[in-house]
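Visitor: No sequence on hand, only this structure:
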């Protein structure tokens, strides 16, 4: 991969000092770099490379994206056609919208993010089909009520029908003092029976030293990190009905031919559960 990647030229009008600080790495841009995307700054690449010294975080990104793709495909094939993807990030192959629309062309997808680059993508394509296939709005999982009250979210999704709420590789950026469990409850209380929660999160259960070093690398970014155990991650699904096989290592959730040997060593748990 080249050492320098250009930012999308569509965003030139939004890349100003008031909106985006290129000296501070953000999770969405680090993730874009790890997935081979183009929208990142030197600070994002430096943080990613520092993390790579401690752990194979590019494999984490790949395995997590594959988990997202499989869960969205599964839900779309079983009838869900509305998706609220919180922390949607920058466009990349295997996205929620790409996957859902390939199964259900009538699917409705709303992406939520607090990274200015992600929002700049949406503004650059305002008034035309979004490049991601999703309606993108500003929001933060730490303030779930604001997401739920957003008129664009309400205008796009029908909360009287089931909605898939996606929190994929998001909650390890929400520390306990910001009440991540309360945020998940607020979101799931707002959706109809039959809705789904899709969640993945980094754990230190498998490689505590490597995860600790990676957390220090991410400390250079705009957020803090929170690593949780299997028990703590499973608690996010309390009150919901788990979809088999439950909360497992990401490669173990309905694996397909894209799962590689060794993917079960990736230190992330994930699962899907339905609201009764």
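Guide: Nice, I can see it. Every value quoted in this text rests on a predicted model; they were computed, and no experiment measured them. Residues are numbered from 1 along each chain as shown.
Visitor: Tell me which stretches of this protein form strands.
Guide: Using DSSP state E, the strands found in the chain span residues 82-86, 108-113, 135-138, 164-168, 196-202, 241-242, 248-249, 268-274.
Visitor: Tabulate those in JSON lines, adding columns for distance to residue 182 and mean neighbour count.
Guide: In this view, the C-beta of every residue, glycine as well, is placed from N, C-alpha and C. Output for the strands of the chain, formatted as JSON lines (distance: least, CB to CB, whole Å; neighbours: other CB atoms under 10 Å):
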{"stretch": "strand 82-86", "distance to residue 182": "14", "mean neighbour count": "26"}
{"stretch": "strand 108-113", "distance to residue 182": "17", "mean neighbour count": "26"}
{"stretch": "strand 135-138", "distance to residue 182": "21", "mean neighbour count": "20"}
{"stretch": "strand 164-168", "distance to residue 182": "13", "mean neighbour count": "24"}
{"stretch": "strand 196-202", "distance to residue 182": "14", "mean neighbour count": "26"}
{"stretch": "strand 241-242", "distance to residue 182": "21", "mean neighbour count": "12"}
{"stretch": "strand 248-249", "distance to residue 182": "25", "mean neighbour count": "18"}
{"stretch": "strand 268-274", "distance to residue 182": "17", "mean neighbour count": "24"}
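Visitor: need those in CSV with mean pLDDT and distance to residue 22, can you?
Guide: Compiled in CSV, the strands of the chain are given as follows (pLDDT from 0 to 100; distance: least, CB to CB, whole Å):
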stretch, mean pLDDT, distance to residue 22
strand 82-86, 98, 25
strand 108-113, 96, 17
strand 135-138, 93, 19
strand 164-168, 98, 26
strand 196-202, 97, 26
strand 241-242, 98, 42
strand 248-249, 96, 35
strand 268-274, 97, 28
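Visitor: Switch the ones you listed over to CSV; also include distance to residue 26.
Guide: Shown next, in CSV, are these (distance: least, CB to CB, whole Å):
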stretch, distance to residue 26
strand 82-86, 15
strand 108-113, 10
strand 135-138, 14
strand 164-168, 16
strand 196-202, 17
strand 241-242, 32
strand 248-249, 27
strand 268-274, 20
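Visitor: For residue 94, find the nearest of the ones you listed.
Guide: strand 164-168 (11.1 Å; CB to CB).
Visitor: Off-centre distance for that closest one?
Guide: 8 Å (CA atoms, centre = their mean, to the nearest Å).
Visitor: do you know which of the strands of the chain lies nearest residue 52?
Guide: Among these, strand 196-202 comes nearest to residue 52, with 14.8 Å by CB to CB.
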